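Engineer: here is my input; please provide its structure:
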Amino acid sequence: MWAACRKLEINHVKFVVRASVLLSMLLLSGCSDGWCWPFDCSSSKSSSGVVDDSADVAVEDPYDNQIGGGSGTSEFDLSKVTWLHTDVSSWPVTSTLSISIKNGTMCLNFSGTSTWPTAKILHTNGTRYIQVNANPWVFVNQAGKWYGGTWEWMTPNGNCKPISKIEGGHIKQAPLTNWEPRSGDKLYFMVSSIARGANLNNYKARTNVVEVTWP
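Structural biologist: Prediction:
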C-alpha cells in the first residue's frame, strides 16, 4: 500500500514539473494567453492562433482600380501620353468611371455627369446651342507611343454614345485623324470636364482611366 502511494506521489511530482516547463515555454514564446499553445505565437498570429493580417493590410484606395495620374494602379501612365487636346493629367479625379458596351453603344457612367458645371456651345448642325459639361477621352497606341484625344461632347446625364464615333474623324487631330479601333485592341478611356479646345467653364475635374478590350 505504501509503495503504491509513493508511486502516485512521484507521478504527481513529475506532472507538476512537466506542467511548469510547458508554462515557462508558453510565456517565453510571447503568447498573451494560455489558449495560444500549441499555435505559433509569432507576430503574425493572434493569441488564439488566428492569423492577424492587420499589419499588412493596405489602406483602401478611394480610387481603387483606377489607372494613371497617381490615382490608382500604374498600369497606364498619363505622364507618357501625348495630348492631342488639353493636358488634363494634373486635374483632380473627382468621379469614378464605369464603362459598358452593348448594341453598338458605349455608356460612360460617372457621378460628375449631373454635378459638373455646364457651358453653352453651338450644336454641330449650327441651328441651336446646347449645354455641355464633359468630354470623353480615348488613349491609343500608335508606333509604340500613347496618344490621348477627346472624341465627343457630353451633356449632363448624356452618358451613352454610339461606338461609331470613337475614331479619328471625331478626334480630328494628327496622327489619329485616320485611326479606327480594331477588334482586340487594348484602349483606355476617361472622361474630363470640358477640355476640347478650351475649358469653357473653367472647371477642372476628371475620372479615373478604364481599360477596354475593343469588341
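Engineer: can you give me the end-to-end distance of stretch 190-197?
Structural biologist: 17 Å (CA to CA, to the nearest Å).
Engineer: contact partners of that stretch?
Structural biologist: Residues outside stretch 190-197 that contact it (CB atoms under 8 Å, 6 or more residues apart in numbering) are 85-86, 88, 91, 95, 97, 108, 110, 112, 116-117, 119, 132-137, 139, 148, 150, 153-154, 199-201, 203-210. The way it works is simple: take the backbone N, C-alpha and C, and place the C-beta from them, glycine included.
Engineer: where do the strands sit along this protein?
Structural biologist: Assigned by DSSP state E, the chain shows strands spanning 81-83, 93-95, 98-102, 105-109, 119-122, 129-132, 135-142, 145-150, 160-162, 186-192, 206-207, 210-213.
Engineer: how about residues contacting stretch 163-179?
Structural biologist: 84-85, 101, 104-106, 138, 140, 142, 147, 149-152, 180-181.
Engineer: how does the chain divide into domains?
Structural biologist: 1-56, 78-213 (automatic domain parsing).
Engineer: any idea which of the ones you listed is most buried?
Structural biologist: Neighbour counts (mean count of other CB atoms under 10 Å) averaged over each of the domains of the chain peak at domain 78-213, with a mean of 17.
Engineer: start to end distance for it?
Structural biologist: First-to-last distance for domain 78-213 - CA to CA - comes to 19 Å.
Engineer: now do stretch 135-151
Structural biologist: End-to-end span of stretch 135-151 (CA to CA): 7 Å.
Engineer: just the residues contacting that stretch, thanks.
Structural biologist: With CB under 8 Å, 6+ apart as the contact definition, stretch 135-151 has outside contacts at 76, 78, 80-85, 88, 108, 152-154, 161, 165-167, 170-173, 175-176, 179, 181, 186-196, 209.
Engineer: please repeat the previous calculation with a cut-off of 7 Å.
Structural biologist: Contact with stretch 135-151 is made by 80-85, 108, 152-154, 161, 165-166, 170-171, 173, 175-176, 179, 187-192, 194-196, as judged by CB atoms under 7 Å, 6 or more residues apart in numbering.
Engineer: again with stretch 123-133
Structural biologist: Contacts to stretch 123-133, defined as CB under 7 Å, 6+ apart, come from residues 116-122, 153-156, 193-194.
Engineer: farthest-separated two in those?
Structural biologist: Trp116 and Leu122 (19.9 Å; CB to CB).
Engineer: quick one: the helices in the chain, in order.
Structural biologist: 2-28, 168-171 (DSSP state H).
Engineer: restricting to C-alpha, output the last one in PDB.
Structural biologist: By that I understand helix 168-171. The C-alpha coordinates for helix 168-171 follow below in PDB (Å, rounded to 0.1, in the frame of the first residue of the first chain):
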ATOM      1  CA  GLY A 168     -10.100  59.600 -85.900                       C
ATOM      2  CA  GLY A 169     -12.700  61.600 -87.700                       C
ATOM      3  CA  HIS A 170     -14.100  62.700 -84.400                       C
ATOM      4  CA  ILE A 171     -10.800  63.200 -82.700                       C
END
